[in-house]
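Visitor: got a structure for you, letters missing:
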């Protein structure tokens with residue numbers, strides 16, 4: 001018997017949170033995360049935070065003193081994937097504008113990206129790994145109806 005996606009969707013308190021909350025409906029987030037799962041069964045918490053919380057988490061867990069777009073915390077991969085994905089809303093919005101993407105398309109990309117990281121994909125180990133991960137992201141996003149994010 002396979003277990004489906006168990007999704008917890010959380011929003012921190014930050015200016016403009018209502019825009020992100022309206023866009024990131026549970027069904028939409030679940031669709032994006034589920035689409036990136038390599039096998040059924042996952043417990044995923046998605047937390048959308050402001051710049052201060054994003055910066056504090058990136059500093060605490062990665063030793064980098066800035067807010068980043070997505071942080072992935074993977075706890076287990078078998079028998080069920082368990083992970084947290086933390087997205088910094090102001091960074092995501094800023095990047096979407098800079099890259100000429102809709103906020104929706106950028107969130108879709110980052111949730112697929114973070115879900116792949118939680119399953120062991122890594123673009124920082126070398127060029128071959130980065131190219132393989134990016135190619136998979138492009139395929140997954142195209143099958144969801146989004147353009148190549150790169």
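Guide: Right, received. Where do you want to start? Computed from a prediction, not measured in an experiment: that's the story for all the values here.
Visitor: what comes up buried for the helix or strand of the chain with the lowest mean pLDDT?
Guide: Every helix and strand in the chain was compared by mean pLDDT, DSSP states H and E; the lowest is helix 127-143, with a mean of 94. Buried positions in helix 127-143, judged by neighbour count with 16 or more other Cβ atoms under 10 Å: 133, 134, 136, 137, 138, 140, 141. Bear in mind the C-beta positions are built from the backbone N, C-alpha and C, glycine included.
Visitor: Could you pull up the residues touching residue 83?
Guide: Counting by Cβ atoms under 8 Å, 6 or more residues apart in numbering, residue 83 touches 42, 43, 44, 45, 72, 73, 74, 75, 114, 115, 118.
Visitor: rerun at 7 Å
Guide: Residue 83 sits next to 44, 72, 73, 74, 75, 118 when contact means Cβ atoms under 7 Å, 6 or more residues apart in numbering.
Visitor: so who does the second one touch?
Guide: If a contact means Cβ under 7 Å, 6+ apart, then residue 72 has 83, 85, 114, 117, 118 as its contacts.
Visitor: Closest one to residue 18 out of those, please.
Guide: Ranked by distance to residue 18 (Cβ to Cβ), the contacts of residue 72 are led by residue 85 at 20.5 Å.
Visitor: and the closest one, what element?
Guide: According to DSSP states H and E, residue 85 maps onto strand 81-88.
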